[in-house]
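K.L.:
Whatever this is, show me its structure:
(6 chains)
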Protein chains: 6
Amino acid sequence: MYSVEVRDRIMIAHSLPDRFFGPAQGLHGATFVVDVAFFREALTAQNVVVDIGAALDVLKQTLAPLAYQNLDTLPDFAGKLTTTEFLARHIFDAMAAAAKAGALGAEGHGLSKIRVTLHETDLARASFESGLS
Amino acid sequence: MYSVEVRDRIMIAHSLPDRFFGPAQGLHGATFVVDVAFFREALTAQNVVVDIGAALDVLKQTLAPLAYQNLDTLPDFAGKLTTTEFLARHIFDAMAAAAKAGALGAEGHGLSKIRVTLHETDLARASFESGLS
Amino acid sequence: MYSVEVRDRIMIAHSLPDRFFGPAQGLHGATFVVDVAFFREALTAQNVVVDIGAALDVLKQTLAPLAYQNLDTLPDFAGKLTTTEFLARHIFDAMAAAAKAGALGAEGHGLSKIRVTLHETDLARASFESGLS
Amino acid sequence: MYSVEVRDRIMIAHSLPDRFFGPAQGLHGATFVVDVAFFREALTAQNVVVDIGAALDVLKQTLAPLAYQNLDTLPDFAGKLTTTEFLARHIFDAMAAAAKAGALGAEGHGLSKIRVTLHETDLARASFESGLS
Amino acid sequence: MYSVEVRDRIMIAHSLPDRFFGPAQGLHGATFVVDVAFFREALTAQNVVVDIGAALDVLKQTLAPLAYQNLDTLPDFAGKLTTTEFLARHIFDAMAAAAKAGALGAEGHGLSKIRVTLHETDLARASFESGLS
Amino acid sequence: MYSVEVRDRIMIAHSLPDRFFGPAQGLHGATFVVDVAFFREALTAQNVVVDIGAALDVLKQTLAPLAYQNLDTLPDFAGKLTTTEFLARHIFDAMAAAAKAGALGAEGHGLSKIRVTLHETDLARASFESGLS
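P.N.:
Sure, this is the predicted structure:
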């Protein structure tokens, strides 16, 4: 199995309004360093999994609606707890849709799996990975 | 599959008294930077895999009996070769038991897998991962 | 010249309400990974610059009032642009005052310089350093 | 499942002569930081996956024919697009063959999987992993 | 003294045709991860050293003529040994000129120092720093 | 001012037998990742500060007597508190002597400064730097 993994980042505000989160219930924020890995069983004719440049572009477009935002005010996230895990899944869904829609070029078809990892501090990170149908 | 991974560290002395280990047969030591990843198929009601704060606390408690110790003198390790791989498994067992005992809260139940990684230098690391029954 | 540098981190929300900051004018947030370096010309009787454990404790106490906060609502920062550079200076002032007040133990006296570095993403960081009188 | 992962690096020139690669069609170069992970279901009698020192030695020997080379001039790569993914597979094949040939010692037998990761910048990396028969 | 440091990267080919460089005499290549730090004694009215976004843009423009190039073919470098140290100075000169020319905005004036660091591998890096007149 | 910085590492045991060190009074150990930076005002005829390969070799030789040792048993360190700061100075002295003795080649002469940094964990490091006479 081959993979290519690319990195970008966003700076956001949000709150986690559930007692479970203790001091993180109030409005605070995070820098999320975001790694997205694309997996293929076999390489394309150009010996790649995906075009790294295209992958970085699609990741930037995927993150743009979140960058410098207060996630509490985004309609998509209304009533949702925007944990690091939740955001990893959100970005996964967008990347999987972009691959399907051809935004990664022909190479985006035939991917077997995508994994999204968000580093929230130097000590903690979350990820979501799943196969593509 | 979702995961959350947290980091802590210990500084220990030990020897590896088997010819196999060459210069590491004598008493020396290591800083182990320890990453523990918890995996779940689905998020909890709070959209988490585990509480990151609880995970960091349980990891600290797990590492406490080893911190600043000479592993050669610990009864648990008598007659054992305390390689990085062995210690990854030792910490895995403790984390798995803690999850089962409820130390990670309700979220500790329903974990599908744990992976423990020990970085021994900037050039080498070992890990153990296994499903939880 | 000797130095010892320790690390902690905070997750905060803030806005930078000046046209200069473009998309960062609105409410967003950041994880700041904070490194504080202490400098001495000569080591103490215990061969240290400062006690690393004490330095980590004082740093944690210094960051506690900021952790998980919306900086826009803190009286100390009213009317201030809480840039990364500004926060580096703010933390420097607190660490310098703590050293002077004895919070770092006897070792806190005789420091010649402190440097505070805040990493805001994997691509950008700011610092403030100054001598201690 | 246990793993041990070791790191080395090479600095090479190459071109990627296919329109697909845009500005990377011309002769340019890269530092590849190379991580190789070895996996085993159970540890050996010495509680290891492989000898870390032996693994580092074999990796160095594997990389030696590539170090400081212009890959475009190497007979092995004639007519090949030497992408990061392709090189990950090339190094995998060499490491797998070395393990089979006994270069990793008795411990090299019984490995279940090898994974090779090449970091080409701070933002992008590729990997190949496969089971060993 | 305040500083802000930003990061970008280039992938280049070059040779170092002097016996001094041993195996690096031939055509090979490198990824250079480039950090540029800007220093000021006092912050601007916006509490910054420089605009981080502008600094990243100017760095990208400065690196563009080198990106994906064979440095041996660039007229500017004819007859020069393009060591990591030399390139650190080259980038410093370009950044200092850009600051003077106003490319960093008004904030580029009043800088007291610039430092450029090039990481060539995980084990080695070079830098050049100097005051600005 | 130019600099070149290179990295190596050692794994050692030691104790810090003074009440000041709390839990670190007993025998424990550390991995020290060691960075050594060499500074020059002007580059040599080959456009370098020092030969990076030679610097890595000299660093390895300097660290060899400490590697895999219990520092408590080394005659050089009898009665000494082998803190991270102390070891940074010890390695500085050895590197400075090596430069003076010609171990770094002709390039070792004319260095203006050396800085040695020891990372003891991901959260703490110490350094010593000084001019060379």
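
K.L.:
C-alpha only now, for contacts and for neighbours.
P.N.:
Fine.

K.L.:
can you list contacts of the helix or strand hosting A:Asp93?
P.N.:
Per DSSP states H and E: A:Asp93 is located in helix A:84-100. If you take C-alpha atoms under 8 Å, 6 or more residues apart in numbering or on different chains as the criterion, helix A:84-100 is touched by A:58-59, A:62-63, A:104-105, A:108-109, A:114-118, A:120, A:125-129, A:132, B:2-4, B:43, B:47-49.

K.L.:
Show the buried residues in these.
P.N.:
A:58-59, A:62-63, A:104, A:108-109, A:114-118, A:120, A:125-129, B:2-4, B:43, B:47-49 (16 or more other C-alpha atoms under 10 Å in any protein chain shown).

K.L.:
Of those residues, which are in range of chain C?
P.N.:
A:Glu120 (C-alpha under 8 Å from any C-alpha of the partner chain).

K.L.:
Single out the residue in chain A that lies closest to chain F.
P.N.:
A:Asp122 (9.1 Å; C-alpha to the nearest C-alpha).

K.L.:
who touches that residue in this structure?
P.N.:
Contact partners of A:Asp122, counting by C-alpha under 8 Å, 6+ apart, are C:Arg9, C:Val33.

K.L.:
Return the subset of the contacts of helix A:84-100 lying in helices.
P.N.:
A:Val58, A:Leu59, A:Thr62, A:Leu63 (DSSP state H).

K.L.:
Could you report the separation of the last one from C:His119?
P.N.:
Which is A:Leu63. 20 Å (C-alpha to C-alpha, to the nearest Å).

K.L.:
Kindly report the same for the second one.
P.N.:
Note on A:Leu59: its distance to C:His119, by C-alpha to C-alpha, is 22 Å.

K.L.:
same check, this time on the first one
P.N.:
As for A:Val58, its distance to C:His119 is 25 Å (criterion: C-alpha to C-alpha).

K.L.:
confidence score at the residue positioned nearest the centre of chain A?
P.N.:
In chain A, the centroid-proximal residue (C-alpha atoms, centre = their mean) is A:Ile91; its distance is 3.2 Å. pLDDT, A:Ile91: 98.

K.L.:
Pull up the residues of chain A that are close to chain D.
P.N.:
So chain A meets chain D at A:1-8, A:43, A:46-49, A:51-52 (C-alpha under 8 Å from any C-alpha).

K.L.:
Out of those residues, name the ones that lie in strands.
P.N.:
Mapping the residues of chain A next to chain D onto strands (DSSP state E) picks out A:Tyr2, A:Ser3, A:Val4, A:Glu5, A:Val6, A:Arg7, A:Asp8.

K.L.:
what's the distance between A:Leu132 and chain B?
P.N.:
13 Å (C-alpha to the nearest C-alpha, to the nearest Å).

K.L.:
so what's that residue up against?
P.N.:
So A:Leu132 contacts A:Ala96, A:Leu111, A:Ser112, A:Lys113, A:Ile114 (C-alpha under 8 Å, 6+ apart).

K.L.:
Report whether the second one is found in a strand, as I expect.
P.N.:
In other words, A:Leu111. No. Using DSSP: H, G, I helix; E, B strand; the rest coil, the assignment for A:Leu111 is coil, not a strand.
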